[in-house]
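Chemist: Provided below for reference: sequence and predicted model.
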Amino acid sequence: MQVLKEELRTLILKNAEQEFLQKKFENASLRNIAKESGTTIGNIYRYFSNKEALFDELVKNEYNAFLYLMEHHENAEVDINHENDKNMNWRDYFQTYLTEFMPIFTKRFLLLIDRSENTQYKSARNMVLMTLEQHFDKHFTEYGIRATPGFTRVLAEQILTGLLFIIESCEDNKQKQQLISDMFAFFIEATLHFS
């Protein structure tokens, strides 16, 4: 029975994702991807021009979605400058807010941030950290939160490390969303009490 072209392409992507997750980009093997997909390396080249094009196909949507999230998240943000916001249920807020953005936080996001050395996305981790740091700097200034210089970079590193850990270790999407919500709520509440 011949596998339909779209089914084979999907299978190649699935097996490539696993190969890149296990070995990172530089150590991943098209030979292994072809073997796991039941096809040849030559057939992979019918779908993807090279290993980087295959990697790009896996992560480009997460990359663009994350950029969109960082540029547009404030449209959904709650003003935390109200007096009763210290008593707000941030876990519920993030549960609701993250529903729209959970498709970003997949294993492919992990590939993008943590497995992309020697690709066009090699600076993605630093870009995400810089974006988060600038975001925290802006909000710390807006809300009069004083912190030691460099603290917002530490905060960005902690959030990204926690996010990647959750993505890598949690297979259940509902639990993943709850853990991410709890993490964000914890940092918000800690920041509000820090000021």
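Modeler: Good, I have the coordinates.

Chemist: lowest-pLDDT helix or strand in the chain?
Modeler: helix 90-101 (a mean of 73; mean pLDDT, DSSP states H and E).

Chemist: just the C-alpha atoms of that one, please, in PDB.
Modeler: Below are the C-alpha coordinates for helix 90-101, written out as PDB (Å, rounded to 0.1, in the frame of the first residue of the first chain):
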ATOM      1  CA  TRP A  90      -4.000  35.600  38.900                       C
ATOM      2  CA  ARG A  91      -4.200  31.900  38.400                       C
ATOM      3  CA  ASP A  92      -7.700  32.200  36.900                       C
ATOM      4  CA  TYR A  93      -6.700  35.100  34.800                       C
ATOM      5  CA  PHE A  94      -3.700  33.300  33.300                       C
ATOM      6  CA  GLN A  95      -5.800  30.100  32.800                       C
ATOM      7  CA  THR A  96      -8.200  32.200  30.700                       C
ATOM      8  CA  TYR A  97      -5.600  34.300  29.000                       C
ATOM      9  CA  LEU A  98      -3.300  31.400  28.100                       C
ATOM     10  CA  THR A  99      -6.100  29.400  26.400                       C
ATOM     11  CA  GLU A 100      -5.500  31.500  23.200                       C
ATOM     12  CA  PHE A 101      -1.700  31.100  23.300                       C
END
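
Chemist: and it, what does it pack against?
Modeler: Of the remaining helices and strands, those touching helix 90-101 by 3 or more CB pairs under 8 Å, 6 or more residues apart in numbering; DSSP states H and E are helix 173-194. Backbone N, C-alpha and C define where each C-beta goes, glycine included.

Chemist: and for Ile166, the neighbour number?
Modeler: The number of residues packed near Ile166 is 19, by other CB atoms under 10 Å.

Chemist: how much space between it and Leu179?
Modeler: 5 Å (CB to CB, to the nearest Å).

Chemist: next one: Thr119
Modeler: In terms of CB to CB, Thr119 sits 28 Å off from Leu179.

Chemist: now swap in Asn32 and tell me
Modeler: Taking CB to CB, one finds Asn32 at 31 Å from Leu179.

Chemist: of the two, which one has the most company?
Modeler: Neighbour count, other CB under 10 Å: between Asn32 and Leu179, Leu179 has more, with 18 against 15.

Chemist: just checking, that one touches Phe165?
Modeler: No - Leu179 lies out of contact with Phe165 (CB atoms under 8 Å); the separation is 9.0 Å.

Chemist: returning to what we had before: may I see the buried residues of the least confident helix or strand of the chain?
Modeler: 90-91, 93-95, 97-98, 101 (16 or more other CB atoms under 10 Å).

Chemist: do stretch 111-131 as well
Modeler: Those would be 111-116, 119, 121, 124-125, 128-129, 131, for stretch 111-131 by 16+ other CB under 10 Å.
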